[in-house]
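Engineer: Give the three-dimensional model of this entry:
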Amino acid sequence: MLAGLPANRLYPLQTVQNTAAHVVTGARRRDLTSRHSKDLHWRSIYRIDFKIAVLTWRCLNGCAPSYIDATLAVVSSVLLLLLLLSLILLIRILLGVF
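Structural biologist: This is a model prediction of the structure:
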């Protein structure tokens with residue numbers, strides 16, 4: 001849902017996450033947020049694209065959880081069907097058969 005958003009849309013979300021880290025840990029306002037986020041095992045909002053790339057790699061190499069792997073298999077089947085249909089349409093256009 002957040003993948004592909006520009007940085008100006010992600011910045012408010014990162015600010016909320018930073019504030020939540022301060023509230024949860026009871027840190028002072030001027031303390032570094034990165035230390036508290038790391039203690040909570042929270043990742044930066046800006047790492048969304050990296051996380052998606054890692055999950056995709058794991059799915060393609062059979063290392064992903066089954067619920068994610070099954071979803072990717074369904075999507076890839078649909079993409080294969082669309083590719084085949086577009087090839088059939090292209091061949092019919094080239095042969096002049098409509």
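
Engineer: Secondary structure class of the most centrally placed residue in the chain, three-state.
Structural biologist: For the chain, the residue sitting closest to the mean C-alpha position, by C-alpha atoms, centre = their mean, is I52 at 3.4 Å. Using DSSP: H, G, I helix; E, B strand; the rest coil, the three-state assignment for I52 comes out as helix.

Engineer: Please apply the same query to the one 5 residues further on.
Structural biologist: In terms of secondary structure, W57 is helix; the call rests on three-state DSSP.

Engineer: What's the local residue count around it?
Structural biologist: Here the count is done by other C-beta atoms under 10 Å, and W57 has 11 residues near it. (Glycine included, C-beta is placed from N, CA and C.)

Engineer: circling back: please report how far the residue nearest to the centre of the chain lies from I68.
Structural biologist: To I68, I52 is 11 Å away according to C-beta to C-beta, to the nearest Å.

Engineer: Could you list the domains of the chain?
Structural biologist: As given by automatic domain parsing, the domain ranges for the chain are 1-63, 65-98.

Engineer: Tell me which other helices or strands the longest helix that the chain contains touches.
Structural biologist: Of all the elements of type helix in the chain, the one with the most residues (DSSP state H) is helix 66-95. Packed against helix 66-95 by the contact rule (3 or more C-beta pairs under 8 Å, 6 or more residues apart in numbering; DSSP states H and E) you find helix 48-60.

Engineer: how about the CA coordinates for the helix it packs on, as CSV?
Structural biologist: Listed in CSV are the C-alpha atoms of helix 48-60, where the atom choice follows Å, rounded to 0.1, in the frame of the first residue of the first chain:
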residue,chain,number,x,y,z
ILE,A,48,9.3,-0.2,2.2
ASP,A,49,10.7,-0.8,-1.4
PHE,A,50,13.6,-2.8,0.0
LYS,A,51,11.3,-5.0,2.1
ILE,A,52,9.1,-5.7,-0.9
ALA,A,53,12.2,-6.6,-3.0
VAL,A,54,13.4,-9.0,-0.3
LEU,A,55,10.0,-10.7,0.0
THR,A,56,9.9,-11.0,-3.8
TRP,A,57,13.3,-12.6,-3.9
ARG,A,58,12.3,-15.0,-1.1
CYS,A,59,9.2,-16.0,-3.0
LEU,A,60,11.1,-16.6,-6.2
